[in-house]
Each structure stands twice: as C-alpha cells, then as structure tokens.
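S.K.: structure of the sequence below:
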Amino acid sequence: MHTGSCLCGKVAFTIDGDLAAPNACHCGQCRRQSGHLWASCETHEDNLSFTSSETLGWYRASDIAKRGFCSVCGSFLFWQHNDEDTIAVSIGSLDEPTGLKLAQHIFVADKGDYYDIQDDLPQRAY
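M.R.: Next comes the predicted model:
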C-alpha cells in the first residue's frame, strides 16, 4: 500500500495495488505544468482511493487526456488517458519510502534545451 498527498494535504490518497516502474516524462506539457520533467508511475484506476479530494481539480490539456491537480497549492498529481483504465501518479506526491526506482525517460525528443539526460536509463523519443 502506498499513500500520498499534495503539498498542502487537501488532496490525499492511497494506492492499494501494484505500481508500474516509474518514468520521467520530458514532454512540453509536463515541463510546463511541473516546471521541469515529471516523474510518475501507473496503477489501475481501481487501486486509487481518496482520503481527501475536496480541492482536486482536473484540467483537460488535450483531446486524449486530463491532468489532476490541487486547486489550492497547485500540485500536479495525476495524468489519465481518456481511453485507458490506468492512471499515472506523481512519484513526488508519494510518501516515502516508495521502493521505486526510475526505469526510463519518455518524450525525450521534446526535452528542454537547458539540460542533458546523464544517466544510462533507456530513452524513448515519444
């Protein structure tokens, strides 16, 4: 079981189930919303339950997905594809220890020009 929350704690949740190996997304939308790259892991949406969600907001950033955030502190917490029953959860929002290790970089073709990826993890262009 994993627990997590936003910065102010008004959105808090538990995950009772497996989490996929995390990835670091370098796409333009994640960089703009998070301020840099965004690290997340996926779980089945049925594994996620909220202990507090009064300030959870959703932003439809594209025709294919929505992004979940706290409307008070602004924490970027979730990403969910319209046609999938999984949800990506921000690694930074999880309480430690997570037991997780970053597995790959995605959307590296869109990464910012102000940094280099300097680890040996796999890199996907998309």
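S.K.: point to the residue nearest the middle of this protein.
M.R.: Among the residues of the chain, the one closest to the centroid is Ser90, at 3.1 Å (CA atoms, centre = their mean).
S.K.: what residues are up against that one?
M.R.: Residues counted as contacts of Ser90 (CB atoms under 8 Å, 6 or more residues apart in numbering) are 4, 38-40, 75-78. No exception for glycine: its C-beta is placed from N, CA and C like everyone else's.
S.K.: out of those residues, who's nearest Ala20?
M.R.: Checking the contacts of Ser90 against Ala20 by CB to CB gives Ser40 as the nearest, at 9.3 Å.
S.K.: look up how far Ser62 lies from the residue nearest to the centre of the chain.
M.R.: 18 Å (CB to CB, to the nearest Å).
S.K.: hmm, Thr3 is touching Leu94, no?
M.R.: Yes - in this structure, Thr3 is within contact of Leu94 by CB atoms under 8 Å, at 7.4 Å.
S.K.: ramachandran coordinates for the residue nearest to the centre of the chain?
M.R.: Main-chain dihedrals, Ser90, degrees, to the nearest 10: phi -60, psi 130.
S.K.: and it, bridged to which residues?
M.R.: Judged by DSSP bridges, the bridge partners of Ser90 are Ser40.
S.K.: so how far is Gly68 from it?
M.R.: 9 Å.
S.K.: identify the contacts common to these two.
M.R.: In contact with both Ser90 and Gly68: 76-78, using CB under 8 Å, 6+ apart.
S.K.: next step: the residues you listed restricted to strands.
M.R.: Mapping these onto strands (DSSP state E) picks out 76-78.
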